[in-house]
Every structure is written in C-alpha cells, then in structure tokens.
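Engineer: Requesting a structural model of the entry that follows:
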Amino acid sequence: MSTQQEFFDALFDADGVEAPCPAGLVSWNQSDPARRFAVYRNNVMVSLMDALAQAFPVTQELVGEEFFRAMAKRFVLAHPPRTRILAYYGQEFAAFVQAFAPAASLPYLADVARLEMLRIQAYHAADATTLTAQDIAAALADEAGLGELRFGLHPSVSVLRSRHAVVSLWGAHQGLLDIASVDPAQAQTALIVRIGLDVSIVGIDDASGFFIEQLRQDASLGQAAAASEQEFPQFDLATGLGALLRWHCVSALKAP
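Structural biologist: Below is the predicted model of the structure:
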C-alpha cells in the first residue's frame with residue numbers, strides 16, 4: 001500500500017473508527033505526530049461538514065444542526081471528496097439521505113437536498129444569452145417547421161418532479177410563506193433557472209415540467225408535446241411554452 005493511500009485511509013475511515021497515525025510522519029518541533037495528525041484529521045472533517053451545511057442550508061434547518069452534522073459526518077466518511085474543487089461536493093448527498101435510516105421519518109428530505117444541489121449546479125452553470133419573446137414568437141409563426149423546431153435551453157435550466165412539497169419547503173425557509181401552512185406530502189414540480197446571477201426556484205405544473213424535460217433531452221417541439229399529452233392528457237402547450245418564456249429559459253432555437 002502506498003504512503004498516500006495510508007494517509008488517505010487514516011483521514012477517512014469508513015468504519016467510523018479512527019485509524020492510527022500513518023507511519024513515517026514527523027513534526028518539525030519534535031511534538032507528537034499522532035496528536036498533530038489528529039488535529040489535522042478533525043479540521044478536515046469539520047471543514048467538509050461545514051461545506052455540506054453551506055450547500056444544504058434548508059436540509060439542515062429541517063432536521064436541526066446536531067442531526068445534520070451527525071448525518072454529514074457519515075456521508076463524508078463514505079464519500080470523501082475526489083477533487084480539490086468543492087463547489088459540487090455533495091452530489092451524492094441526496095441519495096445518501098434517502099438511504100439514511102435515521103431520516104426515514106422525513107421522506108421529503110432527500111428531494112429537498114436534490115433541489116439544493118440543482119440550485120448550486122444552476123449557479124455555476126455556463127453563461128448564455130437568452131432569446132426574447134419576439135424571437136421565439138417569430139419562430140413559432142413558421143407553422144411548416146413548427147413540429148421539428150428544437151429548443152436550446154439555458155445551461156442552468158433543470159426540473160425536479162417530486163412527490164413532496166419541495167418548492168414550498170424551500171420557499172418557507174426563505175421567508176416567502178409560513179412553514180406551518182406547508183403540507184410536505186403535496187407533490188410539486190420545481191423549475192430551476194439562473195437569470196443573471198440569481199437562481200430562481202419556481203413551482204410549475206407537473207405536465208409542463210415533463211414537457212421541459214423532453215426539450216432538455218433534445219426532443220423537437222412536436223415530439224415533446226406528443227410525449228407530454230400521452231403522459232398527461234391535460235397538458236397545455238401554451239402553459240408549457242409560457243413557463244419557458246416567463247423565466248427566460250430559451251437560449252437558442254434550432255430550425256429543421
């Protein structure tokens with residue numbers, strides 16, 4: 001086993017038992033290397049737990065700081081960072097939360113974590129200009145090629161379709177509504193998009209969310225509309241397009 005691997009294993013012991021100090025460590029002032037390594041290991045752990053708390057503030061508020069940090073520690077031990085860039089650290093956190101037995105009484109918690117990670121991804125997504133309503137209206141006026149028209153969505157756009165009230169839970173923790181009025185069991189669909197430097201999280205109907213997902217997968221307008229009508233007989237194309245226009249989600253149009 002390499003010295004680097006021994007050092008890594010000593011920092012992140014998945015069994016939760018601190019591994020002994022790696023052999024060969026020395027200190028410049030003759031102090032005990034094991035004690036200094038223990039301080040370093042604790043600083044690494046605390047820093048990563050703090051990073052998760054900053055990335056998932058609503059998730060932490062829903063369970064309380066003590067519970068969150070205990071859960072975060074188990075996550076860090078199981079999923080140490082694989083890159084120096086911590087902007088996206090925690091991409092596996094929602095799946096971890098979903099499988100974390102002590103959080104089983106909060107079935108909505110994992111989707112709230114998913115929403116918060118999508119928000120981070122939207123914030124760091126590439127910049128792109130968006131088309132005006134006039135640009136899009138002109139393209140829609142060409143009835144001959146309408147069905148084959150493809151929409152290039154802004155890189156920050158994503159959709160989260162949840163069986164839980166993720167948009168309301170997020171909004172309540174931003175002071176937008178009273179948490180006591182939120183029914184977590186109410187299914188909601190979130191549209192996430194960055195406009196300028198601000199990431200918006202808005203609620204849209206499930207059918208429109210499905211429609212936008214189809215467009216993100218490069219389906220043509222006709223294909224996306226047909227799939228949405230099959231999945232949701234009540235789907236309204238004008239409503240789906242209206243959501244894209246209102247939140248400035250379209251950055252390109254690709255004619256056949």
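Engineer: drop to CA atoms for contacts and neighbour counts, all remaining ones
Structural biologist: Will do.
Engineer: pull the longest helix from this structure.
Structural biologist: helix 33-55 (DSSP state H).
Engineer: how about the strands in this structure?
Structural biologist: Secondary structure of the chain (DSSP state E): strands at 150-153, 158-162, 188-195, 198-204, 250-254.
Engineer: Tell me which helix or strand in this protein has the weakest average pLDDT.
Structural biologist: helix 3-11 (a mean of 67; mean pLDDT, DSSP states H and E).
Engineer: Who are the contact partners of V202?
Structural biologist: V202 makes contact with V167, A190, L191, I192, according to CA atoms under 8 Å, 6 or more residues apart in numbering.
Engineer: okay but the second one is in contact with R161, surely?
Structural biologist: Yep, that's A190 we're talking about. Yes: taking contacts as CA atoms under 8 Å, A190 lies within contact range of R161: 6.4 Å.
Engineer: hey, what's in contact with both of these two?
Structural biologist: In contact with both A190 and R161: G209, using CA under 8 Å, 6+ apart.
Engineer: quick one on the thing from earlier: turn the contacts of V202 into TSV, columns for neighbour count, distance to V202 and pLDDT.
Structural biologist: Listed next are those as TSV, based on neighbours: other CA atoms under 10 Å; distance: CA to CA, whole Å; pLDDT from 0 to 100:
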residue	neighbour count	distance to V202	pLDDT
V167	23	7	98
A190	23	6	98
L191	26	5	98
I192	25	7	98
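Engineer: what would the residues you listed look like in CSV with distance to A110?
Structural biologist: Output for those, formatted as CSV (distance: CA to CA, whole Å):
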residue, distance to A110
V167, 13
A190, 14
L191, 17
I192, 17
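Engineer: just to revisit the earlier point, run the chain-centre distance for the longest helix of the chain.
Structural biologist: Counting by CA atoms, centre = their mean, to the nearest Å, helix 33-55 is centred 24 Å from the centre of its parent chain.
Engineer: Tell me which other helices or strands it touches.
Structural biologist: Packed against helix 33-55, as judged by 3 or more CA pairs under 8 Å, 6 or more residues apart in numbering; DSSP states H and E, are the following elements: helix 65-78, helix 109-123.
Engineer: Distance from the first one to the middle of the chain?
Structural biologist: In terms of CA atoms, centre = their mean, the centre of helix 65-78 is set 18 Å apart from its chain centre.
Engineer: Compute the inter-axis angle for that helix and helix 33-55.
Structural biologist: Helix 65-78 runs at 120 degrees relative to helix 33-55, counting by axes from the mean of the first three to the mean of the last three CA atoms, to 10 degrees.
Engineer: could I get helix 65-78 in CSV with only the CA atoms?
Structural biologist: Output in CSV follows, covering the C-alpha atoms of helix 65-78 (Å, rounded to 0.1, in the frame of the first residue of the first chain):
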residue,chain,number,x,y,z
GLU,A,65,-27.8,21.3,13.2
GLU,A,66,-27.0,18.4,15.5
PHE,A,67,-28.8,15.7,13.4
PHE,A,68,-27.5,17.2,10.2
ARG,A,69,-23.8,17.2,11.3
ALA,A,70,-24.1,13.6,12.5
MET,A,71,-25.5,12.7,9.1
ALA,A,72,-22.9,14.8,7.3
LYS,A,73,-20.1,13.1,9.1
ARG,A,74,-21.3,9.7,8.0
PHE,A,75,-21.5,11.0,4.5
VAL,A,76,-18.0,12.4,4.5
LEU,A,77,-16.6,9.1,5.7
ALA,A,78,-18.4,7.3,2.9
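Engineer: Buried residues, it. List them.
Structural biologist: For helix 65-78, a neighbour-count test (16 or more other CA atoms under 10 Å) marks F68, R69, M71, A72, K73, R74, F75, V76, L77 as buried.
Engineer: What is the most widely separated pair among those residues?
Structural biologist: The span of the buried residues of helix 65-78, defined through CA to CA, is set by F68 and L77 at 14.3 Å.
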